[in-house]
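Engineer: missing the sequence, but the structure's below:
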């Protein structure tokens, strides 16, 4: 992944400033890897020089032009048997076989010529059938003679190829005609034999008749099956209930049958089919059931006014009993008739099985015969046109056997061989340019995959943490030389202003958060300038009147004492160990600024920050100073800062321009976040002043003292 130059541009296109920022990483990469294009250009130039030294001596070139016109080389007249002349003839001219023939012919015709290697180049003039031949050789006489002989050999080769191809094609067509003729005769014989053994018209009629008979028998069998299924579907009581609602609706709602269904579908075709399957005596059953219902209705009416022993009621009950007995007898009789109907249907279906089978076999047999006839007829109809086409092609070959299907004309005879010039200087220039382009491409690839942060724009696009300040690079171009700390009336105006900007960012942080008082200045890896940032930030705050304590917490590679010009011990480690008091070891190199150097070296510095001594130290000095700034080791170099950071108000993370890996910086921030550390923001150190995005710091003339200005 690449960082540092892929970022959104301004609306409406890339501005000049964004273009400069985009190009800057590649320019810096070129300054860093300048030797790659130089080596690539040198290797390319050396390779071309080696080729020039090994190339043969001055060669002579003879040129000729020929025109080849093709009418049709395919004997069938459908295409070009010798291929596309515009695409294949050059390959023919460059074939080793043709070259060998020409060399042998030259030696036979000109035995006095000295044989020398000749290189032949064949090319076609665009959109024409004109070919240009160039012969290169060390002997001018032999070179011209070779080209003349080659053209003659090529013409002879074309003639031989045409005759050979025509004979091969004629032979193939004859073989194919014999095969097709044999197949056609066999199929005609089969068709004739079939027609002699069978009457096609009778077969067609019997096929139609057997098919109709088979379809009628199947239809009759299906009708019987449907009738039987309908008789088996309902009981006798359900049939009578359905038919009663069709013939004589009662005064009461339709009763519920044994299946739990009312007769809502009495007018369906299935119900009518069931009625047709029952004897006409069902009408008597329906009338009897109607009379029974009427008697029940009359009995209910009499029971409202008469006693149960009343003669009318007794007579009516007797009549009702007789009617019910009669109904039961009729129902039993009709059940027997329905069963007899079912048995009759089953016998009819059984009787139809054999006729259906016979009709089916006859239909299949006749259809098979008709299919065989149609297949033989289609085969004959297919083979006959093929045979006619081959016969026509054979006649065409016979007509064109003595004809030539191409025309060859020599437009320009071989010219006298002249010395060819080779532009070695142009070759060297092209080689150097190609080598430089390859080297630049390698540099661009290296820069593209380099994830070091190269600009402020890339920093903001890569990290979500706020940038609280950027410090310009005022040292050497590589940013490796030591930079003196700030002092009163420092004439490095842009450098001093950058730290004032950082101081303001810390003073006026979001009011919703606790204003930081104890700060840690750290980075991801060494050599990113965190100690210089911590020392200058402490001096800048002290110059503003704040009481500041600067503590060198880097117990492994301390540098605060060197930058301040102070002794290395006693100091911070002695206070944490309890061997010295804070007031006895603290130093004051400048007004409002107190410094606590590293102190006595400790074999296990990481354990110092884990114990309660660190918490006690912070509590003891918390109220004595306005700001307490700790310089600690890099996050990925030691575990000291991740153990110490949760104890302070916030961490300031330093990222050095064109030095810090974005991947390592993100990994360091994730380690801090995993310890629930409050990261106040990022400081972009050693920024390039010449990029347009740093124009804020270019107005150094604005910082001139008032007394220095002239009227």
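Structural biologist: Received the coordinates, thanks. Owing to the predicted nature of the structure, the values given are computational and were not obtained by experimental measurement.

Engineer: quick one: the strands in the chain?
Structural biologist: Ranges of strands in the chain, per DSSP state E, are 60-70, 118-124, 130-137, 406-412, 418-419, 467-472, 518-523, 548-552, 587-590, 593-596, 627-631, 650-656, 679-687.

Engineer: And these: which comes nearest residue 319?
Structural biologist: Proximity to residue 319 (CB to CB) singles out strand 679-687 among the strands of the chain, at 109.5 Å. The way it works is simple: take the backbone N, C-alpha and C, and place the C-beta from them, glycine included.

Engineer: Can you tell me which of the strands of the chain is nearest to residue 108?
Structural biologist: If you check each of the strands of the chain against residue 108 by CB to CB, strand 118-124 wins as the nearest, at 16.0 Å.

Engineer: Does anything pack onto the closest one? Which helices or strands?
Structural biologist: Counting contacts by 3 or more CB pairs under 8 Å, 6 or more residues apart in numbering; DSSP states H and E, strand 118-124 is packed against helix 85-93, strand 130-137, helix 140-197.

Engineer: Let me know the average pLDDT across the first one.
Structural biologist: It refers to helix 85-93. Averaged across helix 85-93, pLDDT comes to 69.

Engineer: go on, the last one?
Structural biologist: Per-residue confidence for helix 140-197 averages out to 79 on the pLDDT scale.

Engineer: same for it, what does it pack against?
Structural biologist: Contacts defined by 3+ CB pairs under 8 Å, 6+ apart place helix 140-197 against strand 60-70, helix 85-93, helix 96-109, strand 118-124, strand 130-137, helix 311-400, strand 406-412.

Engineer: follow-up on the earlier one: mind putting the strands of the chain into CSV with mean neighbour count?
Structural biologist: Below are the strands of the chain laid out as CSV (neighbours: other CB atoms under 10 Å):
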stretch, mean neighbour count
strand 60-70, 19
strand 118-124, 16
strand 130-137, 20
strand 406-412, 13
strand 418-419, 11
strand 467-472, 21
strand 518-523, 25
strand 548-552, 26
strand 587-590, 14
strand 593-596, 23
strand 627-631, 24
strand 650-656, 25
strand 679-687, 22
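
Engineer: Isn't residue 647 up against residue 616?
Structural biologist: No. Here residue 647 lies out of contact with residue 616, judged by CB atoms under 8 Å, at a distance of 10.8 Å.

Engineer: so where's the stretch 201-350 of the chain shaky on pLDDT?
Structural biologist: Residue ranges of the stretch 201-350 of the chain with pLDDT under 70: 234-282.

Engineer: give me every residue that touches the residue found closest to residue 295 once you drop the neighbours it is linked to in the chain.
Structural biologist: Spatial nearest neighbour of residue 295, excluding adjacent residues (CB to CB, 6 or more residues apart in numbering): residue 320 at 4.6 Å. Counting by CB atoms under 8 Å, 6 or more residues apart in numbering, residue 320 makes contact with 292, 295-296, 299.

Engineer: same thing but 7 Å
Structural biologist: Counting by CB atoms under 7 Å, 6 or more residues apart in numbering, residue 320 touches 292, 295, 299.

Engineer: How about residue 29?
Structural biologist: Going by CB under 7 Å, 6+ apart, residue 29 touches 443, 446-447.

Engineer: Residue 217 now?
Structural biologist: With CB under 7 Å, 6+ apart, residue 217 has these contacts: 352, 355-356, 359.

Engineer: Residue 563: which of the contacts of residue 320 is nearest?
Structural biologist: The shortest approach to residue 563 among the contacts of residue 320 belongs to residue 292, at 125.0 Å (CB to CB).

Engineer: any idea how far that closest one is from residue 517?
Structural biologist: 110 Å (CB to CB, to the nearest Å).

Engineer: cool, and residue 471?
Structural biologist: 23 Å.

Engineer: just to revisit the earlier point, so which of the helices and strands packed on strand 118-124 gets nearest residue 678?
Structural biologist: Residue 678 lies closest to helix 85-93 among these, at 75.1 Å (CB to CB).

Engineer: Okay, now the unreliable bits of the stretch 551-700 of the chain?
Structural biologist: Along the stretch 551-700 of the chain, the model assigns pLDDT under 70 to residues 606, 689-700.

Engineer: now do 80
Structural biologist: For the stretch 551-700 of the chain, applying pLDDT under 80 flags the ranges 601-611, 688-700.

Engineer: show me where it has helices.
Structural biologist: With helices called from DSSP state H, counting those that start in this stretch, the stretch 551-700 of the chain shows them at 560-564, 572-577, 582-585, 612-622, 640-644, 662-674.

Engineer: Which residue is the nearest non-sequential neighbour of residue 203?
Structural biologist: Nearest residue to residue 203, sequence neighbours excluded (CB to CB, 6+ apart): residue 369, at 5.3 Å.

Engineer: What count of nearby residues applies to residue 151?
Structural biologist: As a burial measure, residue 151 scores 19 neighbours (other CB atoms under 10 Å).

Engineer: Same question for residue 604.
Structural biologist: Using other CB under 10 Å, residue 604 has 8 neighbouring residues.

Engineer: picking up where we left off before, of all the helices and strands packed on helix 140-197, which lies closest to residue 532?
Structural biologist: Nearest to residue 532, of all the helices and strands packed on helix 140-197, is strand 118-124, at 69.4 Å by CB to CB.

Engineer: The closest one pairs with which strands?
Structural biologist: Paired with strand 118-124 in the same sheet, following DSSP bridges, are strand 130-137 (antiparallel).

Engineer: who touches the partner strand?
Structural biologist: Residues contacting strand 130-137 (CB under 7 Å, 6+ apart): 59-68, 89, 116-125, 143, 146-147, 411, 420.

Engineer: for stretch 529-545, same thing?
Structural biologist: 471, 483, 485-486, 488, 499-500, 502-503, 521-523, 548, 550, 559-560, 563-564, 590-593, 627, 629, 631, 654, 656, 683, 685-686.

Engineer: In it, which residues are buried?
Structural biologist: 529-543 (16 or more other CB atoms under 10 Å).

Engineer: what does stretch 323-334 give?
Structural biologist: 323, 327, 330-331, 334.

Engineer: can I get these in TSV with distance to residue 380?
Structural biologist: Shown next, in TSV, are the buried residues of stretch 323-334 (distance: CB to CB, whole Å):
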residue	distance to residue 380
323	83
327	77
330	74
331	72
334	67
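
Engineer: Out of these, the closest to residue 643 would be?
Structural biologist: residue 331 (103.2 Å).

Engineer: Can you report phi and psi for the residue lying closest to residue 666 once chain neighbours are set aside?
Structural biologist: Leaving aside its sequence neighbours, residue 666 sits nearest to residue 463 (CB to CB, 6+ apart; 7.4 Å). With angles defined as degrees, to the nearest 10, residue 463 sits at phi -110, psi 150.
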